[in-house]
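Colleague: Return a 3D structure for these sequence lines:
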Amino acid sequence: MPISPPNNTLAAIEQKVRRLTRSPSEAQLTSADLDNYINTFVIYDFPEHLRTFNLRSTFRFWCNPFQDRYITNATLPQDNVLYNFQNKYLSVIEPLYIAGFQAVYSQSRTQFYGIYPNVNSIIFTGFYGDNATTTFTGTIQLQNTQSNYIMNPTANSSQTTVLTQNEVLFDSIDANGLGISMVDVPVVDTTSGFNTVNGNLYPPGQRPATPPTAINPANTINYITGQFTVTFQNAAGNPSAPGAGQPINAQVVPQQTALPQAMLFYNDTFYLRPVPDQPYQINFEVYVRPTALLDEGQSPQLEEWWQYIAYGAAKKIFEDRMDTDSVQQIMPEFKMQERLCNRRTIVQYTSDRVATIYTDQVLFGPNSNNGWGWGGGSF
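Modeller: Below is the predicted model:
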């Protein structure tokens, strides 16, 4: 009679957990509760105990022209690759490549904005208040220049000066000497979830919880042309006129668009500098959250994980029962299974040589040095 390979499915994990916790019947532990314990360990506990080599993967997204920041929350359309990024992926890892070029990756605003300053330019719009008019229409003058890519001198592109999105402020002072201001929120395309080239203007305290999807003609800014219509409102959202003789200023952060050379990851948002002038592929590595086990015949991503998952789920059940003695009894085997699951990753990384200035040399080919001076060859 042929012998079957060991079972490593969700059904096998359930059976082992019941045996470990001495809960063979539904009355002692329902299947729904059991599966919840198992998947809680798989999704949340497992990747924090072990960041295995097998959970490491490559992630790609494509940036949008004139958009410098990319949110990763659940407000995006579900077919956007950045949708719910912070829950699907555990961490971002270097190296970062933009259009194939290795780029700077940072998680520090101090470092990122030290390289690419985010300094406001205060520009007079040409209008003064009269204590009655609330709406003003005009253009913030921008300058277009032609330039080549810094990272690829052979590729020509048109560098356009644009206004940085989420950084526009119109301000003045009313007849009572109180400041009035309007700030921008980009209008979002409902299909792609990316920002359009237009934004709407709101009093700072009236910014919407979700981005707008339609232009408000009474309060709008075009980030490329600089054209604007601003209708000043107070903190309550009521019309508020600038005082007589008070200048109306715009505070903006102009940026020249080009091939991005750096990315900041902060507050679950990606920031690119320079601001992209066209779509580019952004490529970096991530740790992927393990997949939940939702079917009796489903196995973990690596079959060898099944016993570790069973011990982890059993540990959580004992903890909820306040059965500390049982927790202590299973801990030695739990840690043993953890070491066994981590063994593959340890062996995988043992072949990696410690990085030095020599490990980055090209070892073979006509342009390699092979230890013989510049470019190889003999003396």
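Colleague: So, low pLDDT: which residues of this structure?
Modeller: For the chain, residues meeting the criterion pLDDT under 70 lie at 1-2, 143-159, 351-379.
Colleague: Show me the helices in it, by range?
Modeller: Using DSSP state H, the helices of the chain run over 10-21, 31-40, 46-49, 85-88, 109-115, 306-320, 324-350.
Colleague: Tabulate those (CSV), appending mean neighbour count and distance to Leu96.
Modeller: The C-beta positions use only the backbone N, C-alpha and C, and glycine is treated the same way. Converted to CSV, the helices of the chain look like this (neighbours: other C-beta atoms under 10 Å; distance: least, C-beta to C-beta, whole Å):
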stretch, mean neighbour count, distance to Leu96
helix 10-21, 20, 37
helix 31-40, 16, 32
helix 46-49, 16, 22
helix 85-88, 16, 15
helix 109-115, 13, 12
helix 306-320, 21, 32
helix 324-350, 13, 21
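Colleague: Distance to Ser172 for the ones you listed - can I get that in JSON lines?
Modeller: Formatted as JSON lines, the helices of the chain follow (distance: least, C-beta to C-beta, whole Å):
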{"stretch": "helix 10-21", "distance to Ser172": "64"}
{"stretch": "helix 31-40", "distance to Ser172": "54"}
{"stretch": "helix 46-49", "distance to Ser172": "51"}
{"stretch": "helix 85-88", "distance to Ser172": "38"}
{"stretch": "helix 109-115", "distance to Ser172": "28"}
{"stretch": "helix 306-320", "distance to Ser172": "59"}
{"stretch": "helix 324-350", "distance to Ser172": "60"}
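Colleague: Which among those helices is found nearest to Val183?
Modeller: Closest to Val183 of the helices of the chain, according to C-beta to C-beta: helix 109-115, at 19.0 Å.
Colleague: which helices and strands sit right next to that closest one?
Modeller: With contacts defined as 3 or more C-beta pairs under 8 Å, 6 or more residues apart in numbering; DSSP states H and E, the packing partners of helix 109-115 are strand 262-266, strand 269-273.
Colleague: between the first one and strand 269-273, how many degrees?
Modeller: Strand 262-266 and strand 269-273 meet at an angle of 160 degrees, taking axes from the mean of the first three to the mean of the last three C-alpha atoms, to 10 degrees as the criterion.
Colleague: contacting residues for Thr269?
Modeller: The contact partners of Thr269, by C-beta atoms under 8 Å, 6 or more residues apart in numbering, come to 69-72.
Colleague: mind running it again at 6 Å?
Modeller: Going by C-beta atoms under 6 Å, 6 or more residues apart in numbering, Thr269 touches 69, 71.
Colleague: and it, bridged to which residues?
Modeller: Partner residues in beta bridges with Thr269, using DSSP bridges, are Ile71, Tyr266.
Colleague: go on, the one 4 residues further on?
Modeller: According to DSSP bridges, the partner residues bridging Arg273 are Ala262.
Colleague: burial count for the residue nearest to Thr58 when sequence neighbours are not counted?
Modeller: Spatial nearest neighbour of Thr58, chain neighbours left out: Glu285 (5.8 Å); criterion: C-beta to C-beta, 6 or more residues apart in numbering. Glu285: 16 surrounding residues under other C-beta atoms under 10 Å.
Colleague: I'd guessed Glu285 sits against Glu94; true?
Modeller: No. Counting by C-beta atoms under 6 Å, Glu285 does not reach Glu94; the two are 7.3 Å apart.
Colleague: circling back: out of the helices and strands packed on helix 109-115, nearest to Gln246?
Modeller: Nearest of the helices and strands packed on helix 109-115 to Gln246, taken as C-beta to C-beta: strand 269-273 at 34.0 Å.
Colleague: what about the closest one, distance to the chain center?
Modeller: For strand 269-273, the separation from the chain centroid amounts to 8 Å (computed by C-alpha atoms, centre = their mean, to the nearest Å).
Colleague: Any buried residues in that strand, and which?
Modeller: For strand 269-273, burial by neighbour count (16 or more other C-beta atoms under 10 Å) applies to 270-273.
Colleague: next one: stretch 280-294
Modeller: Residues of stretch 280-294 classed as buried by neighbour count (16+ other C-beta under 10 Å): 280, 282-290, 293.
Colleague: Output those in CSV; the columns should cover distance to Thr164.
Modeller: Converted to CSV, the buried residues of stretch 280-294 look like this (distance: C-beta to C-beta, whole Å):
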residue, distance to Thr164
Tyr280, 18
Ile282, 18
Asn283, 24
Phe284, 23
Glu285, 28
Val286, 27
Tyr287, 31
Val288, 32
Arg289, 32
Pro290, 38
Leu293, 45
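Colleague: Quick check: strands, which of these are part of them?
Modeller: Residues of those located in strands (DSSP state E): 282-288.
Colleague: from these, which single one is nearest Thr324?
Modeller: In terms of C-beta to C-beta, no member of those lies closer to Thr324 than Tyr287, at 31.6 Å.
Colleague: any idea how far the nearest residue to Glu167 once chain neighbours are set aside is from Leu163?
Modeller: Nearest residue to Glu167, sequence neighbours excluded (C-beta to C-beta, 6+ apart): Val253, at 4.3 Å. Here Val253 is placed at a distance of 7 Å from Leu163 (C-beta to C-beta, to the nearest Å).
Colleague: Mind checking which of these two has more residues around it?
Modeller: For Val253 versus Leu163, neighbours defined as other C-beta under 10 Å are more numerous around Leu163 (27 against 19).
Colleague: Does that one touch Tyr223 like I think?
Modeller: Yes. Contact criterion C-beta under 6 Å: Leu163 and Tyr223 qualify, at 4.5 Å.
Colleague: Strands of the stretch 51-200 of the chain, start to end?
Modeller: For the stretch 51-200 of the chain, strands defined by DSSP state E, counting those that start in this stretch occupy the ranges 56-62, 69-71, 89-98, 101-106, 121-128, 135-139, 144-148, 156-163, 169-173, 179-188, 195-202.
Colleague: Thanks a lot, catch you later.
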